[in-house]
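**Q** What shape does this take:
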Amino acid sequence: MAGFIRIREGKSIFDNTGIHPESYVVAEALQKLSDTSDVKALSAKFGIGEVTLKDILKELAKPGFDPREELEAIPFKDDLTDIAMLREGSIVSGVVRNIADFGAFVDIGLKNDGMIHISKMSQKRIKHPLEVLSVNQYLARIKVVSVDIEKQKVALSLKL
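**A** As a prediction, this is how the structure comes out:
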């Protein structure tokens with residue numbers, strides 16, 4: 001996984017894009033071209049992969065673009081504002097925020113994330129949560145298994 005920091009008023013115009021600094025030379029050359037439609041030929045010319053070239057072209061088309069703007073808003077339950085409002089058996093929605101060997105942490109719109117134990121992810125046995133879930137995956141229907149108000153913990157299940 002790679003992460004980029006976008007610098008809004010950086011030294012280079014590319015600092016506010018997802019273009020890696022090692023690709024700035026290629027990006028500068030691409031900006032000077034009037035036709036960038038032949039990805040295969042350009043990829044060979046610049047000695048970079050076609051996927052990388054496509055990524056650079058996409059970033060050049062929208063410098064400063066925040067990819068989060070393309071994501072749909074997550075429809076959390078508007079009336080769910082406090083952990084005390086949850087009950088065993090409630091159905092909520094959420095977004096997977098982190099995955100560990102033993103389970104996944106899910107943002108359900110409260111201060112703390114809920115947790116789905118690996119044993120509660122599928123009707124069949126799985127070896128790792130990544131077989132079923134991915135980070136930032138939206139889950140429309142999650143069952144509340146238990147609520148510990150004192151510890152501020154919510155146990156969840158995909159088994160409805």
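
**Q** what secondary structure does the residue of the chain positioned farthest from its centre sit in?
**A** Farthest-out residue of the chain from its mean C-alpha position, per Cα atoms, centre = their mean: Ser34, at 33.6 Å. State at Ser34, reduced to three classes by DSSP: H, G, I helix; E, B strand; the rest coil: coil.

**Q** what do you get for Leu156?
**A** Under three-state DSSP, Leu156 falls in the strand class.

**Q** At which residues are the helices of the chain located?
**A** For the chain, helices defined by DSSP state H occupy the ranges 24-31, 39-46, 50-61.

**Q** returning to what we had before: now do the residue farthest from the centre of the chain, the pLDDT please.
**A** With respect to pLDDT, Ser34 scores 90.

**Q** any chance of the helices of the chain in JSON lines, plus distance to Val145?
**A** Every residue, glycine included, has its C-beta placed from N, CA and C. As requested, the helices of the chain are exported to JSON lines (distance: least, Cβ to Cβ, whole Å):
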{"stretch": "helix 24-31", "distance to Val145": "49"}
{"stretch": "helix 39-46", "distance to Val145": "49"}
{"stretch": "helix 50-61", "distance to Val145": "41"}
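
**Q** if I look at the residue nearest the centre of the chain, how far off is Asp107?
**A** By Cα atoms, centre = their mean, the chain has its centre lying nearest to Asn136, at 3.9 Å. Going from Asn136 to Asp107 by Cβ to Cβ, to the nearest Å gives 10 Å.
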